[in-house]
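**Q** Here is my input; please provide its structure:
(chains A and B)
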Amino acid sequence: MLPEESRIQALRLIKQYPYPGASVEGIVQLLDAGYRMEFSNGQTICSEGEPASCMYVLTYGKVAVSKRDFSTIERRVTVMHSPSIFGHMAMVDGSPRSATCVAEGIVTVIVIDRETYQHLISEPTPVGRTLRRMLLSSLTDQLSRGNKRLRELTGGADAAVDPVAPEKEITEEDLSEISSELEGWRQRQIEDEDSTEHYSVNDADGPVEDR
Amino acid sequence: MNDVDKISSLYVFRSTPRADIEALCALAPPQDFAAGAVVFHQGDVADRALLVVEGRLEATVEAGGRVRRVGEVGPGEVVGEQALFHMGARRSATVSVLQPARCLLVDRALLERGADNLALVALETYLLGSMARRIRSTNRTLMQAWKETHPKPTVLETHAPTTNSLLQNLRRLFQGQS
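**A** Numbering: from 1, shown residues only, chains lettered A, B, ... in the order given. Below you'll find the model as predicted:
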């Protein structure tokens, strides 16, 4: 990835996952520690139930997320936009993939494999700190949004503090939504003025290649 | 036993060099809280977490005019960690002191000042695991509640969910977790 491109991605990631001591340099180093992969429209990035060997930083494009529901029917639960991190829960707790991710159009990700993850996660370096704190920022957001939605639906604590919605009928879609928020598949959408779309100057070719 | 000894004996810091724990104590000296003191109020803006060094804290939630106890934490456990990584987060529970406690106050400024401190690295790594466990536990609770309400998948296809029954199940299960 070009240095300028890395810096733009870093700024966008800081906006998406704010954390104490956030540094562009730390994120640039993290992106450099992984390797870049491109997927074409319809290609599967990871599959539900499979063992996980890496996490991803989505730097360009959109990824459709689907999960098998209670009736084991595969349903689309959300579409992730860049910048997002995904597949990280499996790195943190060693669980198998909890959803299937498919590229919608051309997609570019930075892959951080398990070996790199394990090496960095306990390092007292800027890149190690970046990885830990970005993941903590994401997990906090996941837990907070999932719990809030659950409590809104059940009339629990958060609904009392912040009564944004009355109790309503809970549907299977509601449960799927909460579950996906908890697992980090549904992510907060940021208002992004620094879009990296500009480096995809040719839609047919996707993002420009590293030079 | 002094603070450094007590903190060194906590599981989360089992592999942390003593020098880093000494440095952490210099950056953020542990503080005492008397029994009955309220350390966090539900609804307040959250700005710090507490790592319990000794003593016990209890969390309660007030909803619909009722106060219910949702959990208890003791030495080596952290409470209020969402404050560190979620700007503007509000406390979802009131935390008060059950038994006289000594705690490390961890805020965003400490994470910035002690960026290279190995005790904070250990704390962050511990939080990753504990938050992932809470997420999985909440998810399991949710799925269990649904399954108890809908024992057979075919029922889903032929009958609309019995909202009241599902709500009751979710409330009961959700109240059982911290």
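**Q** Report the rounded mean pLDDT for the longest helix anywhere in chain A.
**A** Determined from DSSP state H, the single longest helix within chain A is helix A:126-154. The pLDDT scores in helix A:126-154 average 88.
**Q** For stretch B:25-34, buried residues please.
**A** Using 16 or more other Cβ atoms under 10 Å in any protein chain shown as the test for burial, stretch B:25-34 gives B:25, B:28, B:30, B:33. Where you see a C-beta, it was placed from the backbone N, CA and C, and this is true even at glycine.
**Q** should've said stretch B:33-45
**A** Residues of stretch B:33-45 classed as buried: B:33, B:39-40, B:42-43 (neighbour count, 16+ other Cβ under 10 Å).
**Q** who's residue B:63 bridged to?
**A** In this entry, residue B:63 is beta-bridged to residue B:66, by DSSP bridges.
**Q** gap between it and residue B:96?
**A** 17 Å (Cβ to Cβ, to the nearest Å).
**Q** swap in residue A:46?
**A** 44 Å.
**Q** more neighbours, those two?
**A** residue A:46 (22 against 18; other Cβ atoms under 10 Å in any protein chain shown).
**Q** list the contacts for that one?
**A** A:52, A:56, A:87, A:97, A:99-101 (Cβ atoms under 8 Å, 6 or more residues apart in numbering or on different chains).
**Q** what pLDDT does it get?
**A** Here the pLDDT value assigned to residue A:46 is 96.
**Q** what does the one 5 residues further on give?
**A** Turning to residue A:51, the model gives it a pLDDT of 95.
**Q** show me what contacts the closest residue to it other than its chain neighbours?
**A** Leaving out its chain neighbours, the residue that sits closest to residue A:51 by Cβ to Cβ, 6 or more residues apart in numbering or on different chains is residue A:96, at 5.5 Å. Residue A:96 sits next to A:48-52, A:90 when contact means Cβ under 8 Å, 6+ apart.
**Q** Provide the secondary structure category for residue A:96.
**A** Recorded secondary structure, residue A:96: coil (DSSP: H, G, I helix; E, B strand; the rest coil).
**Q** Now do the helices in chain B.
**A** B:3-8, B:18-27, B:82-85, B:108-113, B:118-149, B:153-158, B:163-175.
**Q** Look through every helix and strand of chain A and give the one with the lowest mean pLDDT.
**A** helix A:157-161 (a mean of 45; mean pLDDT, DSSP states H and E).
**Q** quick one: contacts of the helix or strand that that helix is followed by?
**A** Downstream of helix A:157-161, the next assigned helix or strand under DSSP states H and E is helix A:172-182. The contact list for helix A:172-182 (Cβ under 8 Å, 6+ apart) reads A:65, A:67, A:69-70, A:75, A:77-78, A:99, A:142-143, A:145-146, A:149-150, A:153, A:186, B:135, B:138-139, B:142-143, B:146, B:156, B:161.
**Q** now the angle between helix A:126-154 and helix A:172-182, please.
**A** 160 degrees (axes from the mean of the first three to the mean of the last three Cα atoms, to 10 degrees).
**Q** Alpha carbons of helix A:172-182, as PDB, please.
**A** Provided in PDB are the C-alpha atoms of helix A:172-182 (Å, rounded to 0.1, in the frame of the first residue of the first chain):
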ATOM      1  CA  GLU A 172     -36.200 -13.200  14.600                       C
ATOM      2  CA  GLU A 173     -34.700 -10.400  12.600                       C
ATOM      3  CA  ASP A 174     -34.300  -8.400  15.800                       C
ATOM      4  CA  LEU A 175     -32.400 -11.200  17.400                       C
ATOM      5  CA  SER A 176     -30.300 -11.700  14.300                       C
ATOM      6  CA  GLU A 177     -29.500  -8.000  14.400                       C
ATOM      7  CA  ILE A 178     -28.500  -8.000  18.000                       C
ATOM      8  CA  SER A 179     -26.400 -11.100  17.600                       C
ATOM      9  CA  SER A 180     -24.600  -9.600  14.600                       C
ATOM     10  CA  GLU A 181     -24.000  -6.400  16.500                       C
ATOM     11  CA  LEU A 182     -22.500  -8.300  19.400                       C
END
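**Q** so that helix versus helix B:118-149, what angle?
**A** Using the same axes, to 10 degrees: helix A:172-182 against helix B:118-149 is 170 degrees.
**Q** List the buried residues in helix A:172-182.
**A** Those would be A:174-182, for helix A:172-182 by 16+ other Cβ under 10 Å.
**Q** What part of chain B, helix or strand, is modelled with the least confidence?
**A** Using mean pLDDT, DSSP H and E, the lowest element in chain B is helix B:153-158, with a mean of 48.
**Q** Give me the pLDDT for residue B:7.
**A** 96.
**Q** burial of the closest residue to it other than its chain neighbours, as a residue count?
**A** For residue B:7, ignoring the flanking residues on the chain, the nearest one in space by Cβ to Cβ, 6+ apart is residue B:21 at 5.1 Å. Using other Cβ under 10 Å, residue B:21 has 22 neighbouring residues.
**Q** Return the residues in contact with residue B:21.
**A** Taking Cβ under 8 Å, 6+ apart as the definition, contacts of residue B:21 comprise B:4, B:7-8, B:13, B:119.
**Q** Now flag whichever of those is closest to chain A.
**A** residue B:119 (10.1 Å; Cβ to the nearest Cβ).
**Q** Who are the contact partners of the closest one?
**A** Counted by Cβ under 8 Å, 6+ apart, residue B:119 has contacts B:7, B:13, B:16, B:20-21, B:23-24.
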